[in-house]
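Enquirer: Predicted model follows, preceded by the sequence.
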Amino acid sequence: MTIWRLPCLALLSLLAVTLVAQEAGDKVVSIAQAADNAVQQSKLTLAGGAPFHLRAHIANTGAPKPEYSADVEEYWVSSEKWRRTVHSPGFSQTLVVNGDKTSEKLTGDYYPFWVHDLVTALFDPLPMVDQLKLMQGQLEIPEDSAKSNSCLNMQFKVGTASAQNSVPAAFCFGGKGGLLQAVITPGYKAQFADYLPFKKKMVARTIKAEFASDLVLTAKVTQLVELSNSEEKLFTIDAATPATEQMKTIQVTEDAARALALNTPAIVWPPVREGKTEGVMSVYVSVDRTGHVREVWPLVSNNLELNAAAREQLLHWQYKPYNNGGPSQMEAVLTFAFATRIENPIPVLTDAQARKLATRVVEPVIPVGKARKGTKFTLRISVDETGKAQTVQNQNKVAAALYTTGVAALKQWRFRPYINNGKPDRFYADITFQVR
């Protein structure tokens, strides 16, 4: 169980945003109404809900990552009678609740944050609903479209006196029904899709959570059926697990986490090849019941190149065990000020140099009337070590029509690897085009 504490992050600013134009038929509701409406429609485990049997599989979107996979199964009769099993590499849990008794059997000593995030999303999609109900403000729920949405965007102030940062959060409600579409906070993230009816509810069958650029996990509900004749033996508890021994995960403030520091050496910031040399970085850490940091996920950084170095060092940090009626897992946002220097900057090739390396060149097709014949414009492309085009920057603020067509062309370019100090290296190139 995780105790979600949104108020533990000082609220810096609150902005309610509707991502659709207001029409005469739009419905204006309070934040509390929007949150409660979404929960009432889609949360399977609300009191009075239909008994169910659910199976779900969690896996990485894209390239397989077996270490980030899990299977979840739940038999649910009521909030006082249910059975949940979670199986993932290195950790499994069988949790049975029957009246005032709880039985928990574990394999492994750490409940991974990424697993817990998606398991929470399956059965408690908006765990901070009570905090949202306390917030002032309104949202416009469109009455005429199932595809539009309304979002509540926030900025949380995090850090200590020595280093402060702002971390974004968002709550989005989709369509005229106001179904929960996305929740993004420092300690919980989920995007809900593929809603289908189940009894009197609409239940998302696909839930995604992005933890890193190459790690977007998807929970797919593979079975959801009514539990009509439950087998009583599923909920039999021979020996209850004392509350002090049950797995608990608690979000704490940064000050509370730092007060438990046991072996937390200052981070050594390596030189970078580009970007800011001074700034702040915020990460989310998950600590096991013995006080060892087990997961580190980036939140906001003034230089993304430093994320990997910070993560590698933080994974060696040690805290005193957090005690909440027994040793508990601890999660917190940590914020750091960094100062470093530029070394071995990423080379920037000229147009002529880049074109010599190019194995495939595609010129942009500029729509008639968008620019005068002979007009020249330059865009900066980033290329990885294999010669594949990555992002395109509009360094010179060229017109939107030229930038759009230029990006479409550059994304198709291919290059031979650029050799720097004897090995392939990434590079930037300033490519100049001329309107024909």
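Expert: In hand now; what should we look at?

Enquirer: all strands of the stretch 301-436 of the chain, in order?
Expert: Secondary structure of the stretch 301-436 of the chain by DSSP state E, counting those that start in this stretch: the strands cover 318-319, 322-323, 327-339, 348-349, 358-360, 376-383, 389-393, 414-415, 418-420, 423-425, 427-434.

Enquirer: Single out the most deeply packed of those strands.
Expert: A comparison of the strands of the stretch 301-436 of the chain by mean neighbour count, using mean count of other C-beta atoms under 10 Å, puts strand 327-339 on top with a mean of 21. Just so you know, the C-beta spots here come from the backbone N, C-alpha and C atoms, and that holds for glycine as well.

Enquirer: Tell me the helices and strands packed up against that strand.
Expert: strand 149-160, strand 163-174, strand 249-251, helix 254-259, strand 278-287, strand 322-323 (3 or more C-beta pairs under 8 Å, 6 or more residues apart in numbering; DSSP states H and E).

Enquirer: Which of these has the lowest mean pLDDT?
Expert: Mean pLDDT is lowest for strand 149-160 out of the helices and strands packed on strand 327-339, coming in at a mean of 88.

Enquirer: packing partners for that strand?
Expert: strand 10-18, helix 31-42, strand 138-141, strand 163-174, helix 254-259, strand 278-287, strand 327-339.

Enquirer: ok, 7 Å please
Expert: strand 10-18, strand 138-141, strand 163-174, helix 254-259, strand 327-339 (3 or more C-beta pairs under 7 Å, 6 or more residues apart in numbering; DSSP states H and E).

Enquirer: Put together JSON lines for the ones you listed, with distance to V361 on each row.
Expert: Converted to JSON lines, these look like this (distance: least, C-beta to C-beta, whole Å):
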{"stretch": "strand 10-18", "distance to V361": "41"}
{"stretch": "strand 138-141", "distance to V361": "47"}
{"stretch": "strand 163-174", "distance to V361": "39"}
{"stretch": "helix 254-259", "distance to V361": "50"}
{"stretch": "strand 327-339", "distance to V361": "39"}
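
Enquirer: out of the ones you listed, nearest to D36?
Expert: Proximity to D36, assessed across the helices and strands packed on strand 149-160 by C-beta to C-beta, is greatest for strand 163-174 (11.2 Å).

Enquirer: how many degrees apart are the closest one and helix 31-42 in direction?
Expert: If you take axes from the mean of the first three to the mean of the last three C-alpha atoms, to 10 degrees, strand 163-174 sits at 60 degrees to helix 31-42.

Enquirer: Now tell me what touches strand 163-174 from outside.
Expert: For strand 163-174, the external contacting residues (C-beta atoms under 7 Å, 6 or more residues apart in numbering) are 12, 34, 38, 132, 139, 141, 149-159, 179-186, 280, 282, 299-300, 333, 335-337.

Enquirer: before we move on, the earlier item: looking at the helices and strands packed on strand 327-339, which is closest to H116?
Expert: Taking those one by one with C-beta to C-beta, strand 249-251 is closest: 6.3 Å.
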